[in-house]
Each structure stands twice: as C-alpha cells, then as structure tokens.
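1. Sequence and predicted structure, then a few things I'm wondering about:
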Amino acid sequence: MNTTPSSSDFILQVEHLSMKFGGLVAIGDLSFQARRGEITALIGPNGAGKTTVFNCITGFYKPTEGMITLNKRDGSTYLLERLPNHEIPARANVARTFQNIRLFSGMTLLENLLVAQHNKLMKASGYTFLGLFGFPSYRQASAESIELARHWLEKADLVDRADDPAGDLPYGAQRRLEIARAMCTGPELLCLDEPAAGLNPRESAALNELLMDIKNSTSILLIEHDMSVVMQISDHVVVLEYGRKISDGSPQTVRTDPRVIAAYLGVDDEEVEEVLTEVGDEDVIEQLDTGPDSAHGPGNSASMMAGPVSDSVEHADEGERVTVSKGASKAAQVDARAASIASNPQPAAKPAAKSSAAKVAPKKPAAKAPAAKADSASKGTQAAAKPTSGKRGGDK
Amino acid sequence: MAATVSPERDVVVPPIQRAFREGLYAGAIALGLFVLFIGLRTDQNISNELILVQRWLLLALVVIATAVGRFLYVGYAQPAMERAKAEKAKAPAVVAEPGFVRQNFNKIGIVVLLLYPIAMVLAFGFQGSLKWVDNFGIQILIYVMLAWGLNIVVGLAGLLDLGYVAFYAVGAYAYALLGTHFGLSFWILLPAAGCMAAFWGVMLGFPVLRLRGDYLAIVTLAFGEIIRLVIINWREVTNGSAGISGIPKVSFFGLMSFNVSDPNYIAKVLHIAQSGAYYKIFLYYLILALCFLTAFVTIRLRRLPVGRAWEALREDEIACRSLGINTTTTKLTAFATGAMFGGFAGSFFAARQGFVSPESFVFLESAIILAIVVLGGMGSLGGIAVAALVMIGGTEILRELGFLKVVFGPDFTPELYRMLLFGMAMVIVMLWKPRGFVGSREPTAFLKERRAVSGSFTKEGHG
C-alpha cells in the first residue's frame, strides 16, 4: 500500500479510527496523517480523546474500527492496530511518553536508558545465554548501548546526573529523561503526551529546543495544551473535540478556524454567531451543508430521542461516564449556527424559523432567544451524526 | 470553638510528675488486661474437677513491673534519649568512613563460609563437628539458596510468590523418584530436577500472568498447596504421606562413595578412619557451591538485559511495554529461573535427608523463605544471606538453650518459642529497617561512579 509515493510521504496514516468503550464513543471516525520529518500536534480540550488516540496508535488499546498505517523509512509498512502492544515499539519503531511520567524511579538514569535498548541488547546477548558466559560480542554491544545512552543524556542535559536514581530528579528533568528514554529505542515516530505539562517557561523553552533537535531524525506526534509550544514548533495541527476531528492544517489556519476558537475558548453564543458571519467561512458552511446531518436529517426526532437515551445511560452505568450537557460541544454549536445561516432549514420547531428570521434583523437585540434555539438545533445535528455521542468518558 | 485551646495543655508538667501519672495509667491498664489472663487460671484437680487457681501475687508483680517500667521509661529513659539526640544534632555531621568489615563484607563472608567446616572439625573433632556443619551450616545454606532463588521472582521481578515451596518439592521428588527407581546419579538428576522445576514454573506462570499483586499471591499460594496435595494423594507414585526413603547418597563425582559398604568408600580409598562427618562436610561444600552458582547467575543476570527488564517490570510494567519489552516472556523467565534454583535446592535437600515426605513442603516453608527475602532486603544477596543466618540459625540455636531449664523450671522447652522469636524478629527489623537489612539497591551500570540507590525510590512491584 506504500506503492504511491504520496502515501510513503506520510509516516502515519490514521483512517476512520473509532474507539468505543461499551456505548461510549471516545473517538469517532477520526482520520489524519502525519508527515515524515514533521511535528504533528494533536490538540483539543480536556477529554477530547487525544490520549485515547495515542493509546490506539501505541497498542495499549485495540481500536474498535479503523486502520492505523505506519510507513517506515525502509519502505516496510505496519498496520499498528494488528500488532501486539510490545511489538509496536520493537518492530514498527514507535516510541511514546506518558502524560503522568512513567520512569523506572528506582533505577539510575543510565539504567533507564539501557532498559529502553532491551531488544537490541537481548539479541546481542544471545537471548541471555551468550551474555551469561561473558562473550565479547555482548560486551561490545553493551559498551555501544552505554555510548548511545550517554549521547541522549547529553542531549537532554542530564549527563551530570547519570548515576542518580530517576525518582530523584526534578519534574522537568524527569520529562526530558522520559523523552531521552523513548529516543533510545531508536524510534521513527515519537509520540509525546503533553511533554510541556507542568514545566516553567525556561524548561519549556529547553524542551522546544530538544524537540526541534529530535525532529531532524524522527517524526513527532505531539499532544499538548501549551499553545506556545504547539504554535512555535509544530508543522501541522489536528484539533479534536469530543473524539472528532474539528480542524486540520497548519498552525496558522487552525488558529483562525472559528470552530477551534469556539471549542477551545468556549466562545459565547452571540460571539459564535458574530465570528461566523465575520469570517464568512464559505468552506465551513459548504462542508456542513453537504453533510447528511446538517438540516435534512432526522433532526428533531433524533434530538427528542437523544435526550432520554443519554439520561438513562447516565443513570444506569458506572460512574465513569460523563454525559455531555446539551450543546456542550462548542464546535458543533458553531456548525449548527453555520447550518442554520447557510441553508435556512425548515428544522426543529417554529422558534428556529424565528431565529433565522432574526438573522436578517440586527443581531444584537435578538441574541438571547436564538441562542437557546441554536442549542436545541445543535443537539439535533449532533445526535443525528453520532447517535451515541450523548455521553463520553475521560480518555485518561 | 476550634480555636480555643484547653488551658491545662499550656501548663508544663514536670517530667517526674508526668511519669508518675503515666505509670499509674499503665498499671491500671495492665491490671485490667491481666486480671483474667494471669490472676485466675483454670485447672483440674485430682478427681478431674475444674478448679480455679488464684494467682494474685503473680498478677500484682506483673502490674507493678508494668507501672514501674513505664514510670522509668517516661521519667528517665525518654529525657535521656532526647538529650542524646539533641547532642548528636549539635555535633558536626561526620560522614563515617565505612569500617573494614563493612567494606569487605562479601570477601570476608566467602572466606568464613569456606573455612567454617575446617574450623568446626578442629574445634570439636569429626564427631563433634557433625551438629555444627549439618544442623547449622547446611540447614542455613539451603535456606540461603532458596531465598536467593525466590529473590529473583519477588525481589527483582516484583512478582509476589507465596507458593515457592512447590518448586522445592518438585525438585526433591524429582531426585527422590528418579534416583530410587532408576538409580540415576545425583549429578545427572540435579540439572534434571532444576529443569523440571523450571518447567513447572512456566506452567504456573502462564495462567497467572494476567494477575497482579494480591491476586497473584493467592494463586501461587494455591499452587503450592496443589502440589503438596497431589504428592499426598498420588500414592502409587509418591507413596503418599509416608514419603520416600532410601534415597541414594551423592557420590564424589562417581569417584568415591559415602556408603560404608561400597568398595570405593572414601575412608577405604584414602586410608583414613571411618566417619559420617566426611559426607556432611562434602554436602556442606556442595550446597555452598550451589549457593555460589545462584549468586553468580543472579549477579550476572542483573547486568544482562533480561535482569534489567525484570527490575524495570517491578518499577513500571506499562512503561516496559511502551519500550518494546515483552512482559509475558520476561515474567515467565523470572518464574522459571527462580523455580529452577528452587528445584536445585530441592534435589539437594532430598539427597541430604535421604527421605522426603509432604511434611517438608508445607506453606510455612514458603512463608519462612519469603520472610527471609523481605527481612534481608528485596534484591540484595548479602542482606538475604544475613537474614537467613539470623532466622534459621536463631531457631536452631534455641535447641542449644537447654540450660535455661535451670531458670524457668524443668518443663521449659525453648524450641516451642521458635515462632515467637520469628515474629518478634520480623516486627523489630521492620520497625528499625522497613526495607530490610539492606534497603538500598546496587545499580547495574554506571557512567562515572557506582552509587547505591536508596530504598525509598525503588518499588516493591505489584504483579
């Protein structure tokens, strides 16, 4: 499948990825690509499903649907959703870090980096038997692995503390060590889960430098909340909200995307309307228009159904699930607005018509009433598109 | 209302007055506790009737002793300790250079172990040394080896195994059965017993891999009991609880034998006087060699990727998987390696006893081995050896305390206090050194200098 040059351009292709936990959709039909040699950032509000995407890519979860293709530099292709957990780093060369740092805290920094070279050393030690008798080939491999560890310790600026236990390091240094450890596996794709979380500005700048350095040899997939990091270093940004992709493009385009703004900043209802008309985003409007769900879908009836279903689920299930309150998805809200503006649908109920009528009139005074209506409309579109999206759980 | 402090709290009570009060309290509590325990005792009289013996004097003595003890502790011992502490804090911190013994602990230990039987023979003669070499030397070394084997599973890989004695039993029965039925030599059966135990380690490992922590402990405990019950009930093969006797002795690599009737009996070959001590001394060096083998393999394995993976598994299993370590095979190798050493120890045990029965493989043995590992400090070979010496040597020494009969009366049997000693030792060590005798961890590789990792950073593992 990597016959066309365009596909081997992408190191990672995620196609129609869905992850469901029981009735809860953590990721719904997500597709995106990460280019080789670039930093691709995956952003979104809390609970958007970013870490779940990571867990699917690195094999900690088996996705319910979809395909994750990894194209290695040598032309080989791996379908990550089919590989067992531990073979993804070993064979497909995908390494990851964790949101809550997972170091081997009782082992020294050097040992942490040596554990990361396990598979290579295991082969060199003849699966323990040659190493047990001290064969020179293993000694050489061992010395090389220490050199590689030293190289990454130097890059991470930790070489002075190489013989200290990892649990003794300050927080920022632990973050860097975890990245260095992941790099010691020799990855082609490095998945970083919030590497800048909890760092002060100086540490964050040092991290940016380290990542730019790594980028020369390894493609990076990044989850980050710190927008200064994302906007500075990433080449491509994918925005998730409630398990769905709401935007995809360069940092600049994403930054100005009204849906991203709405999703991220939680724009007020009136403002959403304003933003939309100001931007006059024809693309968005058109895109939404072609979708089956915008206006002509089962709208009203679905919304009527969605309420009770989600309610019952909320009561019946274990406390893990969180029900999305009506209209919580800001992006969907924007979509709904766009839809109602663009195609002036015959939808929901009579007040909706009133809201579209209000569009012609000066916006400000009519703000309150349409806002409420738009809520119900947005719920309708949402329910039609993704019937189970009424409830979702944390991805952590 | 929470802000108001009761006025009497601010009044500083002179220590003696406080000590007097506390002593009175302690006495009162002791009186309440012991009035039925000590003050009254039920007994039988000559015509088999239940009578109540009243021991008020003894009760009074105990209560007074408690009260006075508390008074002295609060009034004098506590202030003295605080003064000493304050003085110590005032004095400049001097980093004590570790003494000669501490620096060369391992070397001294090895030399002492090598010379021990010779010293015993010189001190007590051949016949007199039997007890010291066999009851103390061999007995302790068997436990050292078992604990070092279990250390791989519990201390390094962090998998809590409460059924370790099962592998010990597999090794012992492997040698006993194959040795008595087929007359195979110990030197062939030793590796065979190890392999068989390792095989059972993998058999046990497979189903329990998905379990962690307490659940793993329960399943391994059950496995230990299953093996024991199979041995008891499979009479046709194992001879049930009657056990197997007449297990052949170990020969000196086939060159010399330790059976008096054999033509190549050691005393005949070397033209020396007949004695049972030769065999015991030989066994001592054999188990010592097996212990050294265990230690050598453990130390080597720790520096190999598989050993590092075990320790990494103990620290964080999920991180291991994210680094491409196959946790399934890593856990299985830990189980198999630990079980193999258990099997070696088992076949040695069978050869030494000449008799095996299921009685030797009860849960208590597993618990003792685990206690030795935990007391010694998980992962540390030296600490575990010291713990085995204290625990097993301590219980053996109880047999030597017959002279205490003079003090406590003729029906005092010190051996009965074995478990009490065991429990007390554990409580004291855990209070004083919660991570065991050697709580720190020796790193397996270093860039500039090797520094021990404090026990507060290492994890115990949870699966």
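-> Sure, I can see it.
2. contacts, neighbours, all on C-alpha from now
-> OK.
3. isn't residue B:206 right next to residue B:332, touching?
-> Yes. Using C-alpha atoms under 8 Å, residue B:206 is in contact with residue B:332, at 7.3 Å.
4. Looking at these two, which is more packed in?
-> Comparing residue B:206 with residue B:332 by other C-alpha atoms under 10 Å in any protein chain shown, the one with more neighbours is residue B:332, at 20 against 15.
5. helix/strand/coil for that one?
-> helix (DSSP: H, G, I helix; E, B strand; the rest coil).
6. Identify the residues contacting it.
-> B:201, B:202, B:205, B:206 (C-alpha atoms under 8 Å, 6 or more residues apart in numbering or on different chains).
7. which secondary structure element contains the last one?
-> Under the assignment given by DSSP states H and E, the secondary-structure element containing residue B:206 is helix B:186-208.
8. Could I get the pLDDT score of residue 189?
-> Since no chain was named, I'll use chain A. You'll see residue A:189 listed with a pLDDT of 89.
9. right idea, wrong chain: chain B
-> We have a pLDDT of 91 for residue B:189.
10. residues contacting it?
-> Counting by C-alpha under 8 Å, 6+ apart, residue B:189 touches B:174, B:175, B:178, B:179, B:347.
11. residues near the third one, how many?
-> Which is residue B:178. With other C-alpha under 10 Å as criterion, residue B:178 counts 17.
12. Please apply the same query to the fourth one.
-> For residue B:179, the number of neighbouring residues by other C-alpha under 10 Å comes to 22.
13. Residue B:84 too?
-> Residue B:84 has 12 nearby residues by other C-alpha under 10 Å.
14. Check residue B:91 too.
-> Per other C-alpha under 10 Å, the neighbour tally for residue B:91 reads 9.
15. Go through the helix holding residue B:206 and flag the buried ones.
-> Neighbour counts over helix B:186-208 (16 or more other C-alpha atoms under 10 Å in any protein chain shown) mark B:186, B:189-202, B:204-205, B:208 as buried.
16. do stretch B:260-274 as well
-> B:264, B:265, B:266, B:267.
17. Kindly reformat those as a markdown table containing distance to chain A.
-> Converted to a markdown table, these look like this (distance: C-alpha to the nearest C-alpha, whole Å):
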| residue | distance to chain A |
| --- | --- |
| B:264 | 36 |
| B:265 | 36 |
| B:266 | 34 |
| B:267 | 38 |
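18. Export these as CSV, with columns for pLDDT and secondary structure.
-> Below are the buried residues of stretch B:260-274 laid out as CSV (pLDDT from 0 to 100; DSSP: H, G, I helix; E, B strand; the rest coil):
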residue, pLDDT, secondary structure
B:264, 75, coil
B:265, 76, strand
B:266, 75, helix
B:267, 74, helix
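19. and the helix or strand where residue B:147 lies, C-alpha only, in PDB?
-> Secondary structure from DSSP H and E places residue B:147 in helix B:139-151. Provided in PDB are the C-alpha atoms of helix B:139-151 (Å, rounded to 0.1, in the frame of the first residue of the first chain):
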ATOM      1  CA  GLN B 139      20.500 -26.000  57.000                       C
ATOM      2  CA  ILE B 140      21.200 -22.300  56.800                       C
ATOM      3  CA  LEU B 141      22.800 -22.600  53.300                       C
ATOM      4  CA  ILE B 142      19.700 -24.400  52.000                       C
ATOM      5  CA  TYR B 143      17.600 -21.500  53.100                       C
ATOM      6  CA  VAL B 144      20.100 -19.000  51.700                       C
ATOM      7  CA  MET B 145      19.800 -20.800  48.300                       C
ATOM      8  CA  LEU B 146      16.000 -20.900  48.400                       C
ATOM      9  CA  ALA B 147      15.800 -17.300  49.400                       C
ATOM     10  CA  TRP B 148      18.200 -16.300  46.700                       C
ATOM     11  CA  GLY B 149      16.100 -18.200  44.200                       C
ATOM     12  CA  LEU B 150      12.900 -16.600  45.400                       C
ATOM     13  CA  ASN B 151      14.700 -13.200  45.400                       C
END
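20. neighbouring contacts of that helix?
-> B:161, B:164, B:287-288, B:290-291, B:294-295, B:337-342, B:345, B:349, B:369-370, B:372-373, B:378-379, B:381, B:384-385, B:388-389, B:392-393.
21. Near chain A, list only the ones from these.
-> Subset of the contacts of helix B:139-151 in contact with chain A: empty, counting by C-alpha under 8 Å from any C-alpha of the partner chain.
22. What about these, which are in helices?
-> Here DSSP state H is the test, and these give B:287-288, B:290-291, B:294-295, B:337-342, B:345, B:349, B:369-370, B:372-373, B:381, B:384-385, B:388-389, B:392-393 as lying in helices.
23. Excluding residues flanking it in the chain, which one is nearest residue B:444?
-> residue B:303 (5.3 Å; C-alpha to C-alpha, 6 or more residues apart in numbering or on different chains).
24. picking that back up, past the helix holding residue B:206, which element shows up next along the chain?
-> Next along the chain from helix B:186-208, counting by DSSP H and E, comes helix B:213-233.
25. and the angle from that next one to helix B:186-208?
-> Here the directions of helix B:213-233 and helix B:186-208 differ by 130 degrees (axes from the mean of the first three to the mean of the last three C-alpha atoms, to 10 degrees).
26. which helices and strands does helix B:213-233 pack with?
-> In terms of contacts (3 or more C-alpha pairs under 8 Å, 6 or more residues apart in numbering or on different chains; DSSP states H and E), helix B:213-233 is packed against helix B:165-182, helix B:186-208, helix B:363-376.
27. one more time with 7 Å
-> Secondary-structure packing of helix B:213-233 (3 or more C-alpha pairs under 7 Å, 6 or more residues apart in numbering or on different chains; DSSP states H and E): helix B:165-182.
28. Could you look up the SS state of whatever residue of the stretch 101-250 of chain A ends up closest to chain B?
-> Nearest residue of the stretch 101-250 of chain A to chain B, counting by C-alpha to the nearest C-alpha: residue A:106, 3.8 Å away. Classification of residue A:106 by three-state DSSP places it in coil.
29. neighbours around it, how many?
-> Other residues near residue A:106 come to 28 when the count uses other C-alpha under 10 Å.
30. Check what pLDDT the closest residue to it other than its chain neighbours gets.
-> In this structure, residue A:106 finds its nearest non-sequential neighbour in residue B:458, 3.8 Å apart by C-alpha to C-alpha, 6+ apart. For residue B:458, the model assigns a pLDDT of 77.
31. Residue B:458: what secondary structure?
-> Following three-state DSSP, the label given to residue B:458 is coil.
32. Tell me the spatial nearest neighbour of the closest residue to chain A within the stretch 51-200 of chain B, not counting adjacent residues.
-> Residue nearest to chain A within the stretch 51-200 of chain B (C-alpha to the nearest C-alpha): residue B:156, separated by 11.6 Å. Once flanking residues are discounted, residue B:156 sits nearest to residue B:311: 5.1 Å by C-alpha to C-alpha, 6+ apart.
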